[in-house]
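Asks: here is a sequence with its predicted model. Questions after.
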Amino acid sequence: MSNRYIGAIAKESGVPIKTIRYYEDIGLLPKVARSASGYRLYVPAIADRLQFVKKAQGLGLRLEDIREILELADRGQCPCGHVQQLLKQRLEELRQKIVDLRLIERRIDAAVRRGCPPNFRPTGKARCPTIERQPLVKRKLR
């Protein structure tokens, strides 16, 4: 099959043109040939690579993770072990995020139930008492 312009690859892969250019800039896609008039010319297999990237993102992998996977595969190495390691790490991060979100949910629920004091009128530096009554939460650096 012949090379395709970026618009055809975007349509075939379901990935916007701007995103394809970005992926090329950050190294997820190899640099491509250009036509005499300067248009990018993609081999048809790029559409499959773009769909792979989108599927990997659907599993919560970051672009840097996906780049590592693609680099391994491009060198002819099986990336499966690395993928499993990345997915386990991501799963643990998501589980911690769920714990954090549940804590925030409980805080919001309690703040809504308490509501604002009746007849509150801000004066001077006074702010919303619903927020002011909240304990200061120290964030963990990750």
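Replies: Right, received. Where do you want to start? Numbering: from 1, shown residues only.

Asks: rest of the way, CA atoms for contacts and neighbours
Replies: Fine.

Asks: just the CA trace of stretch 9-26, in CSV.
Replies: What follows is stretch 9-26, C-alpha atoms only, in CSV (Å, rounded to 0.1, in the frame of the first residue of the first chain):
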residue,chain,number,x,y,z
ILE,A,9,-4.3,8.4,8.9
ALA,A,10,-6.3,10.5,11.3
LYS,A,11,-9.6,9.3,9.8
GLU,A,12,-8.4,5.7,9.7
SER,A,13,-7.1,5.7,13.3
GLY,A,14,-9.6,8.0,14.9
VAL,A,15,-6.9,10.2,16.3
PRO,A,16,-7.0,14.0,15.5
ILE,A,17,-4.4,15.5,13.3
LYS,A,18,-3.0,17.7,16.0
THR,A,19,-2.5,14.7,18.3
ILE,A,20,-0.7,12.8,15.6
ARG,A,21,1.7,15.7,15.1
TYR,A,22,2.2,15.9,18.9
TYR,A,23,2.9,12.2,19.1
GLU,A,24,5.5,12.5,16.4
ASP,A,25,7.1,15.5,18.2
ILE,A,26,7.4,13.5,21.5
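
Asks: surely Val137 is in a strand?
Replies: No. Under the criterion used here (DSSP: H, G, I helix; E, B strand; the rest coil), Val137 is coil, not part of a strand.

Asks: residues near it, how many?
Replies: 6 (other Cα atoms under 10 Å).

Asks: any idea how far it is from Leu103?
Replies: Using Cα to Cα, to the nearest Å, Val137 is found at 11 Å from Leu103.

Asks: same question for Gly115.
Replies: 18 Å.

Asks: again with Pro79
Replies: 36 Å.
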